[in-house]
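> Sharing a model that was predicted from the sequence below.
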Amino acid sequence: MDKFISLYNFIDFAKANRKYPENTANNLKSALKIFEKELNAEELKSIDMVGESINEIFRSVVIANKQKSIISLNTYKARLLKVIKDYKRYGINPSKIQSWTVKSKESTPLLIKKDKKDKDNINLSNSIDASVNNYYKIEFSLRENAKVALSLPKDVSLKEIKLIKTILDSLSEQE
């Protein structure tokens, strides 16, 4: 029987193994803190009991957090359930974490920027597979059926940008 506190350790372990980005780990811990305040002694001793009693616990959380919107509280509930699910899958036996493939739909776009002139053609986002979350993915259309996609590290330097520009300029000289 795993204790609720094990979920905090699991989040840190998953973050260290690049399964949760830092902001996701922090959001998950916030959800744990909100729910932890409403757990009784028995629930604190058993993650399974928390999962089984989630609706009753959620009612207590709503009553205790009247200043928060129900939408926010539902988000916290979903985060708690996600941690419990991930913990059961990968936390009980830590060696299984290596088989955990982070799906791209779990990656959170950090930056979505639309160009003012052609806002439908240029998107800058971080929607690359979450296992490569230190990169920006830039995609845009040159014309119909002609798309460009670039993956750049978030810490790209000015020197590297100039190198990319030189390479692109050399393409125009080949015409």
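Sure thing, it's come through.
> can I get the CA coordinates of stretch 27-47 in CSV?
Output of stretch 27-47 as CSV, limited to C-alpha atoms (Å, rounded to 0.1, in the frame of the first residue of the first chain):
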residue,chain,number,x,y,z
ASN,A,27,1.4,21.9,-11.8
LEU,A,28,1.0,18.3,-10.7
LYS,A,29,2.5,19.1,-7.3
SER,A,30,0.1,22.0,-6.9
ALA,A,31,-2.8,19.7,-7.5
LEU,A,32,-1.4,17.2,-4.9
LYS,A,33,-1.2,20.0,-2.3
ILE,A,34,-4.7,21.1,-2.8
PHE,A,35,-6.1,17.6,-2.4
GLU,A,36,-3.7,16.6,0.3
LYS,A,37,-5.2,19.2,2.7
GLU,A,38,-8.6,17.4,2.4
LEU,A,39,-7.4,13.8,2.9
ASN,A,40,-8.1,11.9,6.1
ALA,A,41,-5.4,9.8,7.8
GLU,A,42,-6.4,6.6,6.0
GLU,A,43,-6.4,8.2,2.6
LEU,A,44,-2.9,9.7,3.2
LYS,A,45,-1.8,6.1,3.7
SER,A,46,-3.2,4.7,0.5
ILE,A,47,-3.1,6.0,-3.1
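> Could I get the buried residue list for the strand or helix carrying residue 62?
Element membership for residue 62, per DSSP states H and E: helix 54-64. Of the residues in helix 54-64, those scored as buried under the neighbour-count criterion (16 or more other C-beta atoms under 10 Å) are 54, 57, 58, 61. C-beta here means a position set from N, CA and C on the backbone, and glycine is covered the same way.
> Mind splitting this structure into its structural domains?
Here the domain assignment for the chain is 6-99, 104-173, based on automatic domain parsing.
> tell me the most buried of these?
Per-stretch averages of neighbours, counted by mean count of other C-beta atoms under 10 Å, single out domain 6-99 among those, with a mean of 16.
> contacting residues around residue 36?
Contact criterion C-beta atoms under 8 Å, 6 or more residues apart in numbering gives 4, 44 as the residues in contact with residue 36.
> now with 7 Å?
Under the criterion of C-beta atoms under 7 Å, 6 or more residues apart in numbering, the contact partners of residue 36 comprise residue 4.
> cool, and the one 3 residues further on?
Counting by C-beta under 7 Å, 6+ apart, residue 39 makes contact with 4, 50, 57.
> Would you agree the second one is in contact with residue 43?
Yes. With contact defined as C-beta atoms under 7 Å, residue 50 reaches residue 43; the gap is 5.2 Å.
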